[in-house]
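[1] I'd like to go over a predicted model; first the sequence, then the structure.
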There are 2 protein chains.
Amino acid sequence: MLKEERKTLILREVNIHNKVLLTDLSQKFDVSEDTIRRDLQDLANSSKIIKVRGGALSKSYSAFSYHEQDIYAYKEKIVIAHKAVSLLQDGMLVLISGGSTNLEIARLVPLDLKVTFLTVSLSTAMQLLEHPSSETVFIGGQLSKSAKISVGGEVIGKLTEVRPDICFMGTNGIDASAGMTDSDWEVVTVKKAMIQASTKVVLCTISEKLNTVQKIKVCDMDRIDLLITELPPDSEALLPYHHSGVKIM
Amino acid sequence: MLKEERKTLILREVNIHNKVLLTDLSQKFDVSEDTIRRDLQDLANSSKIIKVRGGALSKSYSAFSYHEQDIYAYKEKIVIAHKAVSLLQDGMLVLISGGSTNLEIARLVPLDLKVTFLTVSLSTAMQLLEHPSSETVFIGGQLSKSAKISVGGEVIGKLTEVRPDICFMGTNGIDASAGMTDSDWEVVTVKKAMIQASTKVVLCTISEKLNTVQKIKVCDMDRIDLLITELPPDSEALLPYHHSGVKIM
DNA sequence: CAGTTTTTTGCGAGATTTTGCAATTTTTTT
DNA sequence: AAAAAAATTGCAAAATCTCGCAAAAAACTG
C-alpha cells in the first residue's frame, strides 16, 4: 500500500468518525503504530486533522468535545467488530444491516478479504465501498428517514431471492426470554426478512442492550445462531443466553 | 509499444483502480520502472493523475469527503442548484443522479416541498434524507466504487418501471454537436436508462464542462430538454446550445 | 538512402524516503 | 509513587527516487 494512499484513507476515516485511534489504524492497514503516527503527523502538519495523544480528531468538529459515554461505546463496538470480522471468509455472501456497530464491522473488514456484501443501509454501504477487494450490492427501496435503510415490500421481496452465508444484525433490545425486539415497525419487518433469508444469523450488540425489551418482536432466541458482545464469552452476564442455546463469542 | 499508447493505458488503469504501483506497471508492460516513472511524471505534469512515491493515484480519489468545503467550483454549483430546485413542484416524482452538483441540489430543496425522489447515488440519498417532507427511494443494485452509484442490469430494469416527471443529470462532457458524453461505461449505461425513463431531462453542469467531449456517448442534444449552467441564459458561451434547440436556464 | 538530430530507454551510483525496532523520555492513569 | 500508555529519538534495512550517461530507436533532412 502506498503511503499517500494510506494517508488519504486515514483522512477519510477521520472525517467519517470524527476521530481515530492509532491502534485501530495500525491494525486496519497492517503497519506499525509508528508508521501511522508519522502519517497522522504529516496530515496534522498540513492541517488536515488535529493530532492528539493516541490518535487524531477531525478538524471540522474539533469544536465539539466527545462525551465519555461515546468513547466507551466506541471501544466496545470495536471489540465486537473484531470478533465479527473473524467470521468472514473469501467468497462469502454477507448480509449486513445498519447501525453503528455494523458500521464498525464494515470499517474493520480485513483489506485482503474478497467477499460480496449485501446491505440495506446507506452508511454501511458507503463504508463498504472503501474496501478495495470486496463487492457491495445495495438492496434498494423506500428509505427510512430515521434508520437510513431501505424498507418496504420491495426490500422484503428482494431478500427472498438471496441466500447469504451469514448475516450481521444489530438490535435495540435482546432478552433471553423475550428474544430480539426493536422499536420501529418498518425496520423490524426488514430484519425479519433478513433473518429468514440467511443461513447463519449473528447478532452483534453491546452488553448494555442485554436484557432489554422493545415494543416489537423481531424473532425468538432460537433463530439467532451466534451472539457477539464486547464481553468474554464466559462472562456471567451472558449466562442466561448460554442457557437459551445460542452460541456466544 | 509506443510511449503515448502506454500512457493512455496507464491513465485508464489509474482511473479504474484509483491507484497504480510502479512495480505492477513495469511488469505489465515489460519495461523498466524508470520508464514507467517517466510516464507517470508526464501524466502528472499534465495533471491527469497524482504522482506519489511508489506509484500514482487518480485525481478523484483524493478529494471525496463530503462536509469539506473544497468542493470544486462550489459557488457555481450553488447558482445551478438554485435554478434547478425552482423547477420542483409538490407531488412530483424526481429522478436525480450523483455528482457534486446534484448533491448541492439535494441540499437546497425548499423545506416545504413534498416530492418523491428517486436516486441511484448513495451520497445524494443521504442528503435527501435530511429533507423533512419528501420521500426518497433508492434504486438498488451493484455499487460502483468510483461513482458510488448503483449500476448494472437490475438498475436498468427498475428504471423501465418508473416514469419520473423530471430528471436532474450531471455530466463530464457536453458539446453542442457531440451531445452528452461521459467516461465510465457503467455510469453511461445507467444515465441512458434514466433519460429513457424520464418525461423531462434537465442537464446541470458548470460552464467549464461546456464544449468538452468524453469517450462514451450518453445521448444527443435533442434528448435534453433543459440545460442549466451558472451563466445567465443569454450568455455568449451558450449560443451554440441555443442553436441546437435546447432550452436554457 | 546515408547522415544527423531528437527521443526514448535502461542502467548504475548516490541520495532520499519509508518503515519497523529498540531504548529512552514524557504523559496519563491508578 | 508506581505502572501503563504514548511519544520521541536514533538507527539500519529496504524501497524508491534523482541524475547523468550511453545505447537504441525513431524522426528528420538534404
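    That came through fine. Numbering: from 1, shown residues only, chains lettered A, B, ... in the order given.

[2] make it CA atoms for all contacts and neighbour counts henceforth
    OK.

[3] how far away is residue A:169 from residue B:56?
    Residue A:169 sits 38 Å away from residue B:56, going by C-alpha to C-alpha, to the nearest Å.

[4] Those two - which one has more neighbours?
    Neighbours were counted for residue A:169 and for residue B:56 using other C-alpha atoms under 10 Å in any protein chain shown; residue B:56 has more, 26 against 22.

[5] Mean confidence (pLDDT) on the host helix or strand of the more buried one, please.
    According to DSSP states H and E, residue B:56 maps onto strand B:55-58. Averaged over strand B:55-58, pLDDT sits at 89.

[6] And stretch A:123-135, by the same measure?
    Across stretch A:123-135, pLDDT averages out at 87.

[7] which residues sit against that stretch?
    Contact partners of stretch A:123-135, identified using C-alpha atoms under 8 Å, 6 or more residues apart in numbering or on different chains, comprise A:96-99, A:102-103, A:106-107, A:109, A:111-117, A:119, A:136, A:138, A:148, B:122, B:142-143, B:145, B:148.

[8] Keeping just the C-alphas, turn that stretch into CSV.
    What follows is stretch A:123-135, C-alpha atoms only, in CSV (Å, rounded to 0.1, in the frame of the first residue of the first chain):
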residue,chain,number,x,y,z
SER,A,123,-23.9,4.5,5.7
THR,A,124,-22.8,0.8,5.8
ALA,A,125,-22.7,0.8,2.0
MET,A,126,-20.7,4.0,2.0
GLN,A,127,-18.2,2.4,4.3
LEU,A,128,-18.1,-0.9,2.4
LEU,A,129,-17.2,0.9,-0.8
GLU,A,130,-13.9,1.9,0.8
HIS,A,131,-12.9,-1.7,0.9
PRO,A,132,-10.6,-2.4,-2.0
SER,A,133,-11.3,-6.0,-2.9
SER,A,134,-15.0,-6.6,-2.0
GLU,A,135,-18.2,-6.1,-3.9
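
[9] List the buried residues of that stretch.
    The neighbour-count check on stretch A:123-135 (16 or more other C-alpha atoms under 10 Å in any protein chain shown) flags A:123, A:124, A:125, A:126, A:127, A:128, A:129, A:130, A:131, A:134, A:135 as buried.

[10] do stretch A:18-29 as well
    Applying a neighbour-count criterion of 16+ other C-alpha under 10 Å, one finds A:18, A:19, A:20, A:21, A:22, A:25, A:26, A:29 buried in stretch A:18-29.

[11] Stretch A:226-245 too?
    Residues A:226, A:227, A:228, A:229, A:230, A:231, A:233, A:238, A:241, A:242 are the ones in stretch A:226-245 that count as buried (16+ other C-alpha under 10 Å).

[12] so the fifth one touches residue A:76, yeah?
    Yes. With contact defined as C-alpha atoms under 8 Å, residue A:230 counts as touching residue A:76 (5.4 Å).

[13] which residues do those two both contact?
    Shared contacts of residue A:230 and residue A:76 (C-alpha under 8 Å, 6+ apart): residue A:206.

[14] tell me which parts of chain A are close to chain B?
    When proximity is defined by C-alpha under 8 Å from any C-alpha of the partner chain, chain A lies next to chain B at A:2-5, A:8, A:12, A:15, A:122, A:125-126, A:129-130, A:135-145, A:148, A:150.

[15] after the helix or strand bottoming out on mean pLDDT in chain A, next one along is what?
    The weakest-scoring helix or strand in chain A, judged by mean pLDDT, DSSP states H and E, is helix A:68-85 (a mean of 68). Using DSSP H and E, the next helix or strand after helix A:68-85 towards the C-terminus is strand A:93-96.

[16] picking that back up, and the strand holding residue B:56, does that touch chain A?
    Yes. Strand B:55-58 comes into contact with chain A (C-alpha under 8 Å from any C-alpha), by way of B:55, B:57.
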